[in-house]
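Asks: Next come a sequence and a model predicted from it.
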Amino acid sequence: MVGMSASSSLFRSARTGAGGDEMFTPDGTVRPTYAALHDALSGLGLEEFRSRSDSLARSYLDQGITFDYAGEERPFPIDAIPRVIAAEEWGRVSAGIGQRVRALERFLDDLYNDQQAIADGVIPEELVTSSTYVVDAMRGYTPPNGVRIHISGIDLVRDGEGEFRVLEDNVRTPSGVSYVLSNRRAMAQGFPELFAARPVRRVGEYPGRLLAALQAAAPDTAGEEATVVVLTPGRYNSAYFEHSLLARTMGVDLVEASDLVERNERIYMRTTAGLRRVDVIYKRTDDDFIDPEVFRPDSMLGVPGLVRSVLAGNVVVANGIGNGIGDDKLTYTYVPDLIRYYLSEEPILPNVDTWRLEEPDSLVEVLDRLEELVVKPVDGSGGKGIVIGPAASTEELEALRARLLTDPRGWIAQPVVQLSTIPTLVEEGPEPRHVDLRPFALNSGDDVWVLPGGLTRVALPRGEMIVNSSRGGGSKDTWVFAADRAAGPSDALSGSQERTDEGIEDPTDEAYEEFDDLREEHVEERAEEPDPVTSAIPIIDVETDINTDDASDAENGADARTAQDRTDEEASHDAQ
């Protein structure tokens, strides 16, 4: 009776009877995947649950886990009701992500070399010639291990039928994995007992896997261990927390452009002991700013001569320069065809139905149905530029109509996808809120490994369908259950050795570590060399208006702010 009272108190506003909720069926019954979590949370009661949730929020603020919102750093909201994905369903999602990454790899290699897919009529030549993301300087280049997409974030939504669909691909600088790691650490510390009910797969091996994938991408180093660095635009970038976290947990140096220099088509890192050769650069800077010799000549965030060094085969940049065509939302519409063409397989994960507005018949149909559809710019991110027809005014739709007629190549259209919901703590208690999912995948050249779970983002305002942090969104810890075994849950979790072998989270284990921290090994190996001297980009005076067109802005780091808007996307992407 006590349990029923607690359950009623905690989830009374979440059992809405609406379809599409991941915890509750339309009749209010708890779905089997969520049963153990629901009972454990209900046992806490609303008061205790809210108290612990508030502690999580304060810990994020104390740790500096923030995002940039309208020029202000704010703690990134974490909701303490995790998202749960069953092992069997995750197996399909993981396979679909790997399939998509492999097809996009083949596409990028083909695009910058033979362009056979164009010759065979799989994609139109105009897709490439009209794209602003193709980098001519990279034509004919093949990386040492053939990998251009070392890190990817493939955005998924669950449609009204409960099926995961791909919303978009992110193969330039996908951001947000730091929140996956931080969310798990916070949940393990704040709600350790929740992990006892079912075996939840670990996420902490990501930094080690990332380092291994980057080292595997290195050019021939004559038997020496490859030197990997993380290149950040600087501390004013909205994803700087992530840059520093990944560098620290991988045990590599976090550098800015001024820490690197090109000599004889090789890249070196400045240290107090002299120059040290760099083999792999994990860039978190947009292509437009990466090398002033090839891209923007006024960029202070790039390394002059970097592209020459890449083409000479002496350094690798991850993700590859020129990957942006893979992010183009028009390219997205062809990915199912690319999977069939390159892999001779049927797509495991379907796209959201999409109209290509450069096709005359599609343009006519979309213009006739603007008030019913979602229309997106092909180069947009962070929800910018999206027009949701049912929510748009007559004036907004007419303005959109004019833009589509002027530049149909620049837009796609999709039906309004009714995103699934998960109970989320708001002021009144847990209520259903819309979510999406960004799984992260690492490609070592031999294997595509998908991090169990990924970043679940949640739209906190009631009725909001765009989950971006710039629209007030937050995130959830994403739990992937380990495959069921013959033994019961308690037996499956007995013994720390078994948990380690299965990659299972167990915060109650005294030897438990949230993620594999490689710092000690890094310090031991390189103790003879001091850390690099980070001269960094010039510090921007936050009181200065850097959005003016005054020429002096370029001398004071104005492009750092521009890059902040254009690079990393701060885990931001279009989600209906």
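Replies: Alright, I've got the coordinates.
Asks: which sections of the stretch 301-450 of the chain are below the confidence cut-off?
Replies: Across the stretch 301-450 of the chain, the ranges flagged by pLDDT under 70 are 380-383.
Asks: Helices along the stretch 201-350 of the chain, start to end?
Replies: In the stretch 201-350 of the chain, the helices defined using DSSP state H, counting those that start in this stretch lie at 206-216, 240-250, 306-311, 324-327, 329-343.
Asks: Which stretch among the ones you listed approaches Val458 most closely?
Replies: Closest to Val458 of the helices of the stretch 201-350 of the chain, according to CB to CB: helix 240-250, at 18.8 Å. C-beta coordinates here come from the backbone N, C-alpha and C atoms, glycine included.
Asks: and the closest one, what does it pack onto?
Replies: Where contact means 3 or more CB pairs under 8 Å, 6 or more residues apart in numbering; DSSP states H and E, helix 240-250 is packed against helix 177-190, helix 206-216, strand 228-231, strand 253-255, helix 519-525.
Asks: Mean neighbour count, those: which tops it?
Replies: Sort the helices and strands packed on helix 240-250 by mean neighbour count, taking mean count of other CB atoms under 10 Å, and strand 228-231 sits at the top with a mean of 24.
Asks: quick one, what contacts Leu56?
Replies: Contacts for Leu56 were tallied using CB atoms under 8 Å, 6 or more residues apart in numbering; they are Ile78, Ala80, Ala186, Met187, Gly190.
Asks: residue contacts, the last one?
Replies: Counting by CB under 8 Å, 6+ apart, Gly190 touches Arg52, Ser53, Ser55, Leu56, Ser59, Ala80.
Asks: Go through the helices of the stretch 201-350 of the chain and name the closest to Ile118.
Replies: Nearest of those to Ile118, taken as CB to CB: helix 329-343 at 11.1 Å.
Asks: Same question for that closest one: list its buried residues.
Replies: Residues Lys329, Leu330, Thr331, Tyr332, Thr333, Tyr334, Val335, Pro336, Leu338, Ile339, Tyr341, Tyr342 are the ones in helix 329-343 that count as buried (16 or more other CB atoms under 10 Å).
Asks: can you list contacts of it?
Replies: Residues outside helix 329-343 that contact it (CB under 8 Å, 6+ apart): 99-100, 102-104, 106-107, 110, 117, 120, 122-123, 127, 131, 166, 168-169, 325, 345-347, 350-351, 354, 356, 358, 376-380, 409, 412, 574.
Asks: Return the subset of those lying in helices.
Replies: Gln99, Arg100, Arg102, Ala103, Leu104, Arg106, Phe107, Asp110, Ala117, Leu127, Ile325 (DSSP state H).
Asks: Going through the contacts of helix 329-343, which ones are buried?
Replies: Among the contacts of helix 329-343, those classed as buried by 16+ other CB under 10 Å are 99-100, 102-104, 106-107, 110, 117, 122-123, 127, 131, 166, 168-169, 325, 347, 351, 354, 356, 358, 376-380, 412, 574.
Asks: And for Ser51, the neighbour number?
Replies: By other CB atoms under 10 Å, 11 other residues sit near Ser51.
Asks: Could you say which helix or strand holds it?
Replies: Using DSSP states H and E, the secondary-structure element containing Ser51 is helix 35-63.
Asks: Name the residues of that helix that are buried.
Replies: Neighbour-count burial for helix 35-63, counted by 16+ other CB under 10 Å, picks out 36-38, 40-42, 44-46, 49-50, 53, 56-57, 59-60.
Asks: ok, which pair from the residues you listed is furthest apart?
Replies: Pairwise distances across the buried residues of helix 35-63 peak at 26.1 Å for Ala36 and Tyr60 (criterion: CB to CB).
Asks: the bottom helix or strand of this structure by mean pLDDT?
Replies: Taking mean pLDDT, DSSP states H and E as the measure, the chain has helix 552-555 as its least confident helix or strand, at a mean of 33.
Asks: on that earlier part again, pick out the lowest-pLDDT one from the buried residues of helix 35-63.
Replies: Lowest pLDDT among these: Tyr60, with 80.
Asks: just to revisit the earlier point, may I see the helices of the stretch 201-350 of the chain organised as CSV, with distance to Ala14 added?
Replies: Output for the helices of the stretch 201-350 of the chain, formatted as CSV (distance: least, CB to CB, whole Å):
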stretch, distance to Ala14
helix 206-216, 31
helix 240-250, 31
helix 306-311, 51
helix 324-327, 35
helix 329-343, 33
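Asks: Tell me the one of the contacts of Leu56 nearest Val280?
Replies: Closest to Val280, out of all of those and judged by CB to CB, is Ala186, at 30.4 Å.
Asks: how far away is the closest one from Leu61?
Replies: Per CB to CB, to the nearest Å, Ala186 is found 12 Å from Leu61.
Asks: Please apply the same query to Leu245.
Replies: Distance of Leu245 to Leu61, computed by CB to CB: 16 Å.
Asks: what do you get for Arg158?
Replies: Per CB to CB, Arg158 is found 31 Å from Leu61.
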